[in-house]
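Novice: The sequence and its predicted three-dimensional model are supplied below.
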Amino acid sequence: MPVTPEEFKAALRRFASGVTVVTAGDGTRRHGMTVSAFASVSAAPPLVLVCLQRESRTHALVTGTRRFGVSLLAESQRATSDRFAGLSGEQEDRFAGVAVEAAPAGTPVLSDALAWLECAVVSSTDAGSHTVFVGQVEACRSVEGSPLLYYDGRYRRLGE
């Protein structure tokens, strides 16, 4: 018997994850989206993966530039997560009012994130409605702090 979408979603709500914003830009345009489908793949070479919905503007920019940034959000950045998820209203520029910097190769990343990674796409695979992009980390930065977590449909903090 096949798994229903409701059963699948209920099961995955039991997986706690960090919250990231994946960004891309081509010099004239930039976009970003909140993503929980992020994972480390390898330390040598340093590889990560992100899963992006194929219909998103961020997906189109990553496909075109073959680069992406991943900003790992701090627990104080719930509003940033909502903004990049499109939950704070329809805003053409999700970066408006958010501290942004260019990583060494020019990828936009969130300045006040707990950490950020700048990646070059080394492979991509279609998977259902998404594409799995594997990126080699070419630059990164991190600071001390507590992460923003997502579990059972809500933001969480360590120790809850």
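Specialist: Great, that's in hand.

Novice: My reading is that Gly64 is in a strand; is that accurate?
Specialist: No - counting by DSSP: H, G, I helix; E, B strand; the rest coil, Gly64 falls outside a strand, being helix.

Novice: Run through the residues that contact it.
Specialist: Applying C-beta atoms under 8 Å, 6 or more residues apart in numbering, we find Gly64 in contact with Asp26. In short, each C-beta sits where N, CA and C put it, glycine included.

Novice: repeat for Gly18
Specialist: Contact partners of Gly18, counting by C-beta under 8 Å, 6+ apart, are Ser36, Phe38, Leu72, Leu73, Pro147, Leu148, Leu149, Tyr150.

Novice: 6 Å instead?
Specialist: By C-beta atoms under 6 Å, 6 or more residues apart in numbering, the contact set of Gly18 is Leu72, Pro147.

Novice: go on, Arg54?
Specialist: Counted by C-beta under 6 Å, 6+ apart, Arg54 has contacts Thr131.

Novice: Against Gly106, how distant is it?
Specialist: Separation of Arg54 from Gly106 (C-beta to C-beta, to the nearest Å): 24 Å.

Novice: Then Gly27?
Specialist: Note on Gly27: its distance to Gly106, by C-beta to C-beta, is 7 Å.

Novice: between the two, who's got more neighbours?
Specialist: More crowded of Gly27 and Gly106, by other C-beta atoms under 10 Å: Gly106, with 13 against 7.

Novice: Fine by me, we can end here.
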